[in-house]
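K.L.:
after the sequence you'll find the predicted model.
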Amino acid sequence: MGLKGSLAELPLADLIEMTSLGGKTGGLRLFDEEGGMAGELAFRDGRLVGAVCGELGGEKAFYALLALKDGGFDFDPAAELDEESCNLPTESLLLEGMRRLDELRRLRRQLPAPARVRLLGGEAEDELEARALGYLGPGARLLGDVVAGLLVGGDADEYDALKTLQRLAVRGVVRVETPQGAAGADRGDPRGSPQPELER
């Protein structure tokens, strides 16, 4: 028997926990607040074995979907499951996902989308840093545009992109220039999200 509902009434973390503790098998389709498909989770005997969100797959897709607050869900116990793409216990994924959400809120406050990122000079220490520096080029670009550029390809999520820019800024490779009023502009918003264009 399937289950449909609203994420506003039954938060995704609670739904995942119920599915895990109940040892359920099936597919969980998730929809955004406009009714569009946001992603899918697959469970086998209560264990999360697959996740897709846009171009993201596996654990990164799970973390991105965990940020959904509004929208709906449809659990189908008869759904055909693809090959397993996650192999961590659901409880571990939930704990890490909640930690990442907390840190993402903090990163969004420190690195708001309207800020400009200026290349100062230096070397990349990993592939994602190299992509960020290549995307910057001379001059300055909007931080939100740089993050959006790093999301292309599906191997990085917003958390990865902001952590990369934070590392580059700490090392002095780039400078983040925050416009007046952009920092802390989200204090009235409990989600802490000055980057609404990046939210799913």
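P.N.:
All right, it came through fine.

K.L.:
every contact and neighbour count from this point should use C-alpha atoms.
P.N.:
Fine.

K.L.:
quick one: the helices in the chain?
P.N.:
Applying DSSP state H to the chain gives helices spanning 12-21, 58-66, 90-110, 127-136, 143-151, 158-170.

K.L.:
show me the contacts for the closest residue to Asp155 other than its chain neighbours.
P.N.:
Closest residue to Asp155 apart from its sequence neighbours, by C-alpha to C-alpha, 6 or more residues apart in numbering: Leu56 at 6.6 Å. Contact analysis of Leu56 by C-alpha atoms under 8 Å, 6 or more residues apart in numbering lists Gly154, Asp155, Ala156, Asp157.

K.L.:
where in this protein is pLDDT low?
P.N.:
In the predicted model of the chain, residues 1, 87-88, 181-200 satisfy pLDDT under 70.

K.L.:
got the domain boundaries for the chain?
P.N.:
3-102, 111-198 (automatic domain parsing).

K.L.:
so what's Gly57 bridging to?
P.N.:
On the basis of DSSP bridges, Gly57 is bridged to Val52.

K.L.:
what about the residue nearest in space to the middle of the chain, distance to Ala115?
P.N.:
Taking C-alpha atoms, centre = their mean as the criterion, Ala64 is the residue nearest the geometric centre of the chain, at 3.1 Å. Separation of Ala64 from Ala115 (C-alpha to C-alpha, to the nearest Å): 23 Å.

K.L.:
residue contacts, Leu162?
P.N.:
Leu107, Arg108, Leu111, Val147.

K.L.:
quick check, the last one in contact with Glu158.
P.N.:
Spelled out, that is Val147. Yes. Counting by C-alpha atoms under 8 Å, Val147 does reach Glu158; the two are 6.7 Å apart.

K.L.:
who's more crowded, these two?
P.N.:
A count of neighbours by other C-alpha atoms under 10 Å puts Val147 above the other of Val147 and Glu158, at 24 against 21.

K.L.:
for Leu128, give its distance to Ser6.
P.N.:
According to C-alpha to C-alpha, Leu128 stands 36 Å off from Ser6.

K.L.:
what of Leu15?
P.N.:
Distance of Leu15 to Ser6, given as C-alpha to C-alpha: 10 Å.

K.L.:
possible to save the helices of the chain as JSON lines with distance to Phe43?
P.N.:
Below are the helices of the chain laid out as JSON lines (distance: least, C-alpha to C-alpha, whole Å):
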{"stretch": "helix 12-21", "distance to Phe43": "8"}
{"stretch": "helix 58-66", "distance to Phe43": "12"}
{"stretch": "helix 90-110", "distance to Phe43": "10"}
{"stretch": "helix 127-136", "distance to Phe43": "31"}
{"stretch": "helix 143-151", "distance to Phe43": "26"}
{"stretch": "helix 158-170", "distance to Phe43": "25"}
